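**Q** Turn this into a structure:
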Amino acid sequence: MATLGERIRTLRKQKKLTLEALAGKELTKGMLSLIENNKANPSMESLNYIAKQLDVEVSELLEEVNVQELRQVLEQAEKLYYAESEDLDADLIALVKPYVDKLSYGYEAARLLDLYSRSLYYEKKPDWQSYSVRAEKMYDEMNLVEKQANIGIFRATVKFVEHDYERALEILLMERKKIETKYAFLPAITRLDFDYNEAVFYFAIGNTDNAIEVMQRAIDFSKEQRMFYRTDALYRLAVGHGMMSFDKQQAEYYAKKLLQFGEFAEDIEATLFHGFTTAYFFNYDQEYIKALNIIDQNLAIMNKENIHLPFYYVEKGKALYGLGKLEEALHSLDKVIVPLHIHHPYDLSFLYVMDSYKALCHKRLGNIEKAVHLAKIAVDNIKPLPRTPMQDFIFETYEECYNG
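**A** Have a look, this model is predicted:
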């Protein structure tokens, strides 16, 4: 394995340069000789100067593999990372692993370490953090603020996925402060990423005042900048808060905004979310037939993997229960499977009520023991989460079933 000094000497001789010629005006011949013989380590400034004199990238001096090869590997790694398959993280690890000890400088090296660390995390490997730190350091040296911020957000999200919402927010605020301390002005996309996640995390811990402030700030900033980035996610967040607080006016206002955005962007998911919101409030107002009409209309255009499917089945079960169609309600509620990728207390709360409605169905059918069992499942699921109207409903349902 060639050392840094040996690579510099080899390139110098290939370009037929003397020590004196390569040293130029910024290095001495003696210092360059020490560097080539691995008796001195060049500073980053000196390394950049040497690379410029040799007409190569710094990465070619620091790495055994050349930039072109790394670019090819990175192209494959990006495709694997964004492909929709559970098995591809292991493939990405196998692809990048032979290079990790040789990655020390440049965008390609940093991005490969970034993707490698994330894949290690998804594969539940304990050493993923060390590669994340290396990637972050390289991004920092290149002033790649967006990439550096994304690593910080990922670290916070790791705790969020573990439902350690307090720690997730703590990490996010720390990472944001670290970035904002170094850079006076953040890129608009980075600012919106931080704002959106901060609002999400504040809602998750039940701090609605801070969440609303940050969320509204992000929405206003998006309008000022005429940016659509995160617009749909911010509108969904605003709708979700309106639903949780039973603020129908706010929920309908932002749901309409989301529908308009969905039509503009030809985003069917925005339309489906609007439909779910509408059905939710129809059920709340006990207009069960109207709820079922919009639910069945949208279920007809969804595939089995659609992210909105379990939410629609819950609302359909609620509507059928309201109409007294208990067996049909149970049939719909039995289809609800809580997706593994859902972690926000709001989303989980919308879904966990399914067992409460199952319990109510069984209670009315005379299956009291089954009703109490299902009501207890709902309580156990919702208990660790911050307080929401759904949590109150679940506790009340358990009391009703338990007391007969």
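
**Q** quick one, longest helix in the protein?
**A** helix 345-364 (DSSP state H).

**Q** Give the buried residues for it.
**A** Of the residues in helix 345-364, 345-363 count as buried by neighbour count, 16 or more other CB atoms under 10 Å. Placement of C-beta: from N, CA and C, glycine included.

**Q** What of stretch 55-62?
**A** 56-62.

**Q** what residues are up against the residue nearest to Leu259 when sequence neighbours are not counted?
**A** Using CB to CB, 6 or more residues apart in numbering and skipping the chain neighbours, the partner closest in space to Leu259 is His274 (4.3 Å). By CB atoms under 8 Å, 6 or more residues apart in numbering, His274 lies in contact with 255-256, 258-259, 262.

**Q** Is His274 within a helix or a strand, and which one?
**A** helix 268-284 (DSSP states H and E).

**Q** same deal with Glu400?
**A** helix 389-402.

**Q** What are the contacting residues of that helix?
**A** So helix 389-402 is contacted by 244-246, 349-350, 352-353, 356, 359-360, 363, 368, 371-372, 374-376, 378-379, 382-383, 385 (CB under 8 Å, 6+ apart).

**Q** try it again with 10 Å
**A** 243-246, 284, 345-346, 348-353, 355-360, 362-363, 368-383, 385, 387-388 (CB atoms under 10 Å, 6 or more residues apart in numbering).

**Q** same question, stretch 284-304
**A** Contacts of stretch 284-304 (CB under 10 Å, 6+ apart): 243, 246, 248, 268, 271-283, 306, 308-309, 311-325, 332, 389.

**Q** next one: that stretch to chain centre, how far?
**A** 29 Å (CA atoms, centre = their mean, to the nearest Å).

**Q** Now do the buried residues in it.
**A** 288, 290-292, 294-295, 298-299.

**Q** Out of those, flag the one nearest to Val200.
**A** Proximity of those to Val200 (CB to CB) peaks at Asn298, which lies at 24.8 Å.

**Q** circling back to that earlier point, for PyMOL, what selects the buried ones among the contacts of stretch 284-304?
**A** To isolate the buried subset of these in PyMOL, counting by 16+ other CB under 10 Å, use the following:
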select buried, resi 243+248+271+272+273+274+275+276+277+278+279+280+281+282+283+306+308+309+311+312+313+314+315+316+317+318+319+320+321+322+325+332
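
**Q** For Glu63, give me the pLDDT.
**A** Per-residue confidence at Glu63 stands at 64 (pLDDT).

**Q** helices or strands up against the helix or strand bottoming out on mean pLDDT in the chain?
**A** Using mean pLDDT, DSSP states H and E, helix 58-62 stands out as the lowest-scoring helix or strand of the chain, at a mean of 76. The contact analysis (3 or more CB pairs under 10 Å, 6 or more residues apart in numbering; DSSP states H and E) places helix 58-62 against helix 4-14, helix 44-54, helix 67-82, helix 107-122.

**Q** mind checking how far Leu330 is from Leu292?
**A** 15 Å (CB to CB, to the nearest Å).

**Q** okay, now Tyr131: neighbour count?
**A** Tyr131 sits with 23 neighbouring residues when counted by other CB atoms under 10 Å.

**Q** which residues does the closest residue in space to it that isn't next to it in sequence contact?
**A** Counting by CB to CB, 6+ apart, Ser117 is the residue found nearest to Tyr131 once chain neighbours are left out, at 3.8 Å. By CB under 10 Å, 6+ apart, the contact list for Ser117 reads 96, 100, 125, 127-136, 151, 154.

**Q** what's the closest of these to Glu69?
**A** Val96 (12.4 Å).

**Q** element containing the closest one?
**A** Assigned by DSSP H and E, Val96 falls in helix 88-96.

**Q** Can you tell me which helices and strands that helix packs against?
**A** For helix 88-96, the packing partners by 3+ CB pairs under 10 Å, 6+ apart come out as helix 67-82, helix 107-122.

**Q** quick one: buried residues of the last one?
**A** Neighbour counts over helix 107-122 (16+ other CB under 10 Å) mark 107-121 as buried.

**Q** what bits of the chain have low per-residue confidence?
**A** Confidence mapping of the chain against pLDDT under 70 gives the ranges 1-2, 63-66, 84-86.
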